[in-house]
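*Asks:* Can you look at this prediction? I've put the sequence above it.
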Amino acid sequence: MIRTFVRVSPIIILILILTTGCWDRKELNNLAIASAIGIEKKDGHYRVIVQIENAGEIAKKSASGTGAPVATFQTNGKTVFEALRKMSTVSPREIYVSHLRFVVLSEELAQEGIGKALEFFSRYANFRTDFNIFIARKSEVINILTTLTQIEKIPGISIFSSIRSSVRTWGEFQEISIDQFISKMESDTGAVLPGLSYSGDEEISKNMSNIQNSLAPAHIKLSGMAVFKKDRLRGWLNEMESIGLNFTQNAIKETVVHVPCGKEGNMAVDIFHTKAKVKSWIENEKPYGGIDLYIEGSIGEIPCPIDVSQVEKILLLEKNTNKEIEKYVSSALRKSQKSLRSDIFGFGEELNRSNPKKWGAFKKNWDAFFVDLPVEITVKTKLRSSGQTLKSFLENVTKE
Amino acid sequence: MGREEQITARQFTILVALYTMGDAILYLPGQFIMDAKQDAWIASIFSIVEIFSVVLLLTVLGKRYPGLSLLDYMEGILGKFFGKILLSYFVAFCFLDVSILLMEVGDFMGSQIFPKTPTDVILLLFMSIVVLAARLGPEATHRTSEMMFPFIVVLFLFMIIALSPRIELKNIQPIMAHGLFPVIKASRVLFGFFLDSVALLILFPLVKQPNAATKSFYKGTAIGGVIIILISTASVLVLGVDTISRHAFPVYTLGKKISIGNFVERIEIIFTVLWFTSLFFKSYLFFISTTQGVSKLFGLKNDKIIALPIAFVMVLIGRILFPSRASFEEWSTIHWLSHAIPFGLGIPVILLLVDFFRKQWIKMRAK
């Protein structure tokens, strides 16, 4: 009995040691969890800024914590990876990037080309693909990463949730993961990325007092969509153009558009279902484009004295909505054709799908063809309901 | 040889299916798209037809000598001298094959899962299980495969179903834009992977009925083939051509795409489990081919005693031959076909031809 035990025990001990799988272990108390990374380029160097979650402060139940919920470190390096490793000279813990929420790149870097800076993010195995990429619009990256946010204590998570909810309800932005962005950069379709901007008091933004106020003196805000040609920033789409673009990319879950309803002003149409088709074909050796939109929505707010229980009134409003959404789309189209010169709608890709044989001839000079591409936009709207009221009460209160 | 070892037709089917999946399920989508682009899924269907022709060739040879393994009739057909030469070639090839498979394990684990664990440790652990299987003999190993196979199929189907919401039909359009030729050219890839299937003739005679073995050979290839078609199609539909071409292990990347209600996520490791299992049985096949071949070559009574030393040498050779992914990439895409065709088609064709003419000659002499 004892002899068996003596003989077996070394094997058991060996198995215990060998099968723990501790070779690549990372202890939580040695890690600094990065929630956001910012990159700028200055004099041929990358300046990398990392926002670290300050676990001790976040866990505190009472608001008496004096430290900020995040800490920001910055270093320089010839490469992004090098700079990130060099972070250990300022950070007490190893930077852990698997829980990264977003990457923000400076506008200057974007104009120069962001491909090189992003290479590391697609190669390094510790990154997941679910972080967002933003371009800092008219703002310093450092300000974006150091501003403290309300409600969500960690700014990284705050922005991450902000774009999530914005995509769900407002439709101005697209959540674009790094592999989607890289595919777009590589293809003939122009890529887009959401922008982030900072506004407010620079002194207070980094201070806890920023979030102790009920109206924060400084805040970060999603702002516009950056348009790229390959990896270079070409320019920005404003709010209306971004929504117009997203309509065509099936990227809108819900949004609200304003539609003129008479001389009293604009009504709000709550859009909850969209279906878009971007088409492209060749006729007489020339390319043509088309955008078909089918939209379902309901009346959300209407200041005009219109009886929306009547069918012909609804038809009229639907027609107005068609016209208005066409304006959204054509504004984006005009901008992309005339000033940005980047095929963000994917007409080129569609041409490749519909006519792969002839596409080869257009592919080389697609930019030149795209700029003058005639595009037909058709919008079909159905207004399904008018909310919980029929006739607006305004009819009786605004008349004198 | 001791007691007669036997396996059932069902176990042989499973082994063939696992062999067909082998290392292919991890590499194929990436290699199909090199030529076929978005038509990789069509290429995968073509390639199944191609590998069936290999199966036909092998079963014709296998059925000529029921109950005897490839190693036994090699000398019988070619005579002692030429038989030994062919046997040496066979052994060398199988030996190299295991080294390649080991390199694949090392590369994958090293770059994706255990970046800082020394590759040698991973390889030694993997190899020790293969040695264990070889020493326990075919019956135990095949019963293991029988036990694991249902899990593999269920997990695989689960992964495919979980991926289905992410399918984008746009990714496979335009269909056959560049005609049929690139598609057929791409289909050679699986054919290439399947060329070393001659080694299956070592296990073929362990099934008592040669006809049942033939049937299960086809069945196994079909099951493996369907899995390969599904995985190639799913890769293209979900990831698209350029993402596949960029990633070192597209199927692993495919697994990362799974997200059910933002809750069931990051289960890509399941693909690794599948791959590891099929790779294990493939390594096992070539490992016992090597050990049995060596013992036949030198007239050893027991092939199990040389398992351990050979395993160590294999690990070393694998590390030396393929120091990096790039060297493996060059090998598998440029040199593999010319390396494997003499083995996969040459051996059975030579054996069949010589055997045929010998029998004719004997018949003529008898007259």
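*Replies:* Thanks, I have it.

*Asks:* Wait, a helix at A:Trp236?
*Replies:* No - secondary structure assignment places A:Trp236 outside any helix; it is strand (DSSP: H, G, I helix; E, B strand; the rest coil).

*Asks:* Check the gap between A:Glu350 and chain B for me.
*Replies:* Remark: distance between A:Glu350 and chain B (C-beta to the nearest C-beta, to the nearest Å) = 9 Å. Quick note: C-beta positions are derived from backbone N, CA and C, even for glycine.

*Asks:* can you check A:Lys263 too?
*Replies:* If you go by C-beta to the nearest C-beta, the gap between A:Lys263 and chain B works out to 44 Å.

*Asks:* Please give me every residue in contact with that residue.
*Replies:* For A:Lys263, the contact set (C-beta atoms under 8 Å, 6 or more residues apart in numbering or on different chains) is empty.

*Asks:* Please enumerate the strands of the stretch 251-367 of chain B.
*Replies:* B:259-260, B:264-265 (DSSP state E, counting those that start in this stretch).

*Asks:* and what of the stretch 251-400 of chain A?
*Replies:* Going by DSSP E, counting those that start in this stretch, the stretch 251-400 of chain A shows strands at A:255-262, A:265-283, A:286-301, A:375-385.

*Asks:* could I get the ones you listed as a markdown table with mean neighbour count and mean pLDDT?
*Replies:* Compiled in a markdown table, these are given as follows (neighbours: other C-beta atoms under 10 Å in any protein chain shown; pLDDT from 0 to 100):
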| stretch | mean neighbour count | mean pLDDT |
| --- | --- | --- |
| strand A:255-262 | 20 | 90 |
| strand A:265-283 | 18 | 91 |
| strand A:286-301 | 18 | 92 |
| strand A:375-385 | 17 | 91 |
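
*Asks:* okay if I get those strands as CSV plus distance to A:Asp201?
*Replies:* Below are the strands of the stretch 251-400 of chain A laid out as CSV (distance: least, C-beta to C-beta, whole Å):
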stretch, distance to A:Asp201
strand A:255-262, 31
strand A:265-283, 33
strand A:286-301, 34
strand A:375-385, 43
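
*Asks:* how about the nearest residue to B:Gln292, chain neighbours excluded?
*Replies:* Nearest residue to B:Gln292, sequence neighbours excluded (C-beta to C-beta, 6 or more residues apart in numbering or on different chains): B:Asp303, at 4.9 Å.

*Asks:* Please verify my assumption that the one you found contacts B:Thr291.
*Replies:* Yes - contact criterion C-beta atoms under 8 Å: B:Asp303 and B:Thr291 qualify, at 4.4 Å.

*Asks:* hang on, the earlier thing: how many other residues sit next to the residue nearest to B:Gln292?
*Replies:* Neighbourhood size, B:Asp303 [other C-beta atoms under 10 Å in any protein chain shown]: 19.

*Asks:* Now the closest residue to chain A within the stretch 101-250 of chain B. Nearest residue, chain neighbours left out?
*Replies:* Residue of the stretch 101-250 of chain B nearest chain A, by C-beta to the nearest C-beta: B:Ala177 (3.3 Å). With sequence-adjacent residues excluded and distances taken as C-beta to C-beta, 6+ apart, B:Ala177 is closest to A:Pro356, at 3.3 Å.

*Asks:* For B:Arg253, list the residues it contacts.
*Replies:* Wrong residue type there; residue B:253 is Thr, not Arg. A:179, B:239, B:243-244, B:247, B:268.

*Asks:* For the closest residue to B:Lys170 other than its chain neighbours, list the residues it contacts.
*Replies:* Spatial nearest neighbour of B:Lys170, excluding adjacent residues (C-beta to C-beta, 6+ apart): A:Arg353 at 7.0 Å. The contact partners of A:Arg353, by C-beta under 8 Å, 6+ apart, come to B:170, B:173-174.

*Asks:* Helix or strand next in line after the helix or strand containing B:Leu86, which one?
*Replies:* Counting by DSSP states H and E, the element that carries B:Leu86 is helix B:70-108. Proceeding N to C from helix B:70-108, the next assigned helix or strand is helix B:119-136, under DSSP H and E.

*Asks:* what about that next one, near chain A?
*Replies:* Yes - with C-beta under 8 Å from any C-beta of the partner chain as the criterion, chain A is reached by helix B:119-136 at B:121, B:125.
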